[in-house]
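Colleague: all I have is the shape, not the residue letters:
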């Protein structure tokens, strides 16, 4: 009995010793895991989780030690106050590599806390103000509002040949930003912006503002906001007999939009999303297959970008031969990374040097790509 216990103890000690030699790297995720945007937050988290699991299955070695990645995920509720609490929790846990936040309204205030803690941040938040703050370790891993809003306007003018449009925004940092960029480019392209109405990201009744816009005979309404509001807006447009197109940014380019909107969401809805068409990217189909096998559903808008962000961090660690965030930051800022969704190379502000935008419509409740440019 004594010999068995000793052998068991030795086995445990050996296992613990081997594990203790691994270098643990904590990857933090911040996003809306509850509330109306939870479908996006969980999809993003799943993209990051898939990358962490693949890295641990390899595994990779830095400075002579195997890296063991751990994903710490916090629900920021898409709310600035909750986002600050989530950021502090991740920072206190020793996280120096963050993916998220998803919402610009959360990313802008938390970016200072992450910067002060020496953490790197890879986010899909699109408001241009985010990268104008001058934080060296902050990377936007998709197109900004400037690109999303302006290219949607150019498509509306050049391809749809629209002349008279309107704008609704939800007053969030994202919604306002992308709506203003659409409006600016729409005017520059010769379209008339007949009205700019306002709502919020908790609203579900848009009857009064839609009725007002109906009298202006607009051919399209650009909505700066999210799918949980965009879908009922599409339904109410149909109920009111408004035959105008509903246009939007990346946050309505989601299966949730089709699910919530039903038969009111079809080729009448168009949206712009950062990145090239995933099905046409060389690694796109393989990523989609892996994601579906692991999570039993198709990846949504930004799962691939979150996957790429974690893999970009890992490649940076390998190239720097260090897990020190500042050394990795120097590598990422000066190099490029070929990911599933595209090539990640950043300018001095942390914006992608090249970020194609894809225009989508909806078929059978699912986003269906039309063209990339």
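Modeller: Perfect, I can see it now. Computed from a predicted structure; not experimentally measured.
Colleague: so which residues of the stretch 1-150 of the chain form helices?
Modeller: Secondary structure of the stretch 1-150 of the chain, counting by DSSP state H, counting those that start in this stretch: helices at 2-21, 38-57, 80-92, 104-116, 145-158.
Colleague: go on, the stretch 201-350 of the chain?
Modeller: According to DSSP H, counting those that start in this stretch, the stretch 201-350 of the chain carries its helices in the segments 207-214, 227-239, 255-261, 284-295, 303-320, 325-334.
Colleague: list the helices and strands the third one packs on?
Modeller: Contacting helix 255-261 under the criterion 3 or more C-beta pairs under 8 Å, 6 or more residues apart in numbering; DSSP states H and E are the following elements: helix 227-239, strand 269-274, strand 366-372. For glycine as for every other residue, the C-beta is placed from the backbone atoms N, C-alpha and C.
Colleague: so which of those is the most packed in?
Modeller: Highest mean neighbour count of the helices and strands packed on helix 255-261: strand 269-274, a mean of 26 (counted as mean count of other C-beta atoms under 10 Å).
Colleague: who touches residue 185 in this structure?
Modeller: With C-beta atoms under 8 Å, 6 or more residues apart in numbering as the criterion, the residues that contact residue 185 are 149, 150, 151, 153, 154.
Colleague: now with 10 Å?
Modeller: Counting by C-beta atoms under 10 Å, 6 or more residues apart in numbering, residue 185 touches 146, 149, 150, 151, 152, 153, 154, 156, 157, 191.
Colleague: so which of those residues is the most crowded?
Modeller: For the contacts of residue 185, neighbours were counted using other C-beta atoms under 10 Å, and residue 149 has the most, 31 neighbours in all.
Colleague: quick check: chain neighbours aside, which residue is closest to that one?
Modeller: Counting by C-beta to C-beta, 6 or more residues apart in numbering, residue 149 lies nearest to residue 181, which is 3.0 Å off, once chain neighbours are set aside.
Colleague: and the one you found, how many neighbours does it have?
Modeller: As a burial measure, the neighbour count of residue 181 was computed by other C-beta under 10 Å and equals 26.
Colleague: so what's it up against?
Modeller: 126-128, 144-153, 222, 224, 249.
Colleague: switch the cut-off to 7 Å
Modeller: 145, 146, 149, 150 (C-beta atoms under 7 Å, 6 or more residues apart in numbering).
Colleague: and what of residue 219?
Modeller: Taking C-beta under 7 Å, 6+ apart as the contact definition, residue 219 lies against 162, 163, 164, 165, 244, 245.
Colleague: give the contact list for residue 210.
Modeller: 236, 237, 240, 242.
Colleague: again with residue 118
Modeller: 96, 325, 326.
Colleague: can I get the residues you listed in CSV including distance to residue 85 and neighbour count?
Modeller: Formatted as CSV, the contacts of residue 118 follow (distance: C-beta to C-beta, whole Å; neighbours: other C-beta atoms under 10 Å):
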residue, distance to residue 85, neighbour count
96, 19, 23
325, 22, 20
326, 26, 13
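Colleague: just name the closest of these to residue 343, please.
Modeller: If you rank the contacts of residue 118 by distance to residue 343 using C-beta to C-beta, residue 325 comes first, at 22.5 Å.
Colleague: state the pLDDT value of the residue lying closest to the closest one once chain neighbours are set aside.
Modeller: Of all residues beyond its chain neighbours, the one nearest residue 325 is residue 96 (4.2 Å), with distances taken as C-beta to C-beta, 6+ apart. The predicted local distance difference test score for residue 96 is 98.
Colleague: for residue 336, see how far away residue 96 is.
Modeller: To residue 336, residue 96 is 22 Å away according to C-beta to C-beta, to the nearest Å.
Colleague: returning to what we had before: make CSV out of the contacts of residue 118 and add distance to residue 295.
Modeller: Below are the contacts of residue 118 laid out as CSV (distance: C-beta to C-beta, whole Å):
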residue, distance to residue 295
96, 27
325, 29
326, 34
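Colleague: now, which of the residues you listed sits nearest residue 294?
Modeller: Nearest to residue 294 among those: residue 96, at 26.1 Å, using C-beta to C-beta.
Colleague: thought that closest one was touching residue 119?
Modeller: Yes: because the distance of 4.7 Å satisfies C-beta atoms under 7 Å, residue 96 is recorded as touching residue 119.
Colleague: touching both of these two, which residues are there?
Modeller: Among the neighbours of residue 96, those also in contact with residue 119 (C-beta under 7 Å, 6+ apart) are residue 325.
Colleague: out of the helices of the stretch 201-350 of the chain, which one sits most buried?
Modeller: Mean neighbour count (mean count of other C-beta under 10 Å) peaks for helix 303-320 among the helices of the stretch 201-350 of the chain, with a mean of 25.
Colleague: and that helix, what does it pack against?
Modeller: Packing contacts for helix 303-320, counted by 3 or more C-beta pairs under 7 Å, 6 or more residues apart in numbering; DSSP states H and E, involve helix 38-57, strand 97-99, helix 284-295, helix 325-334.
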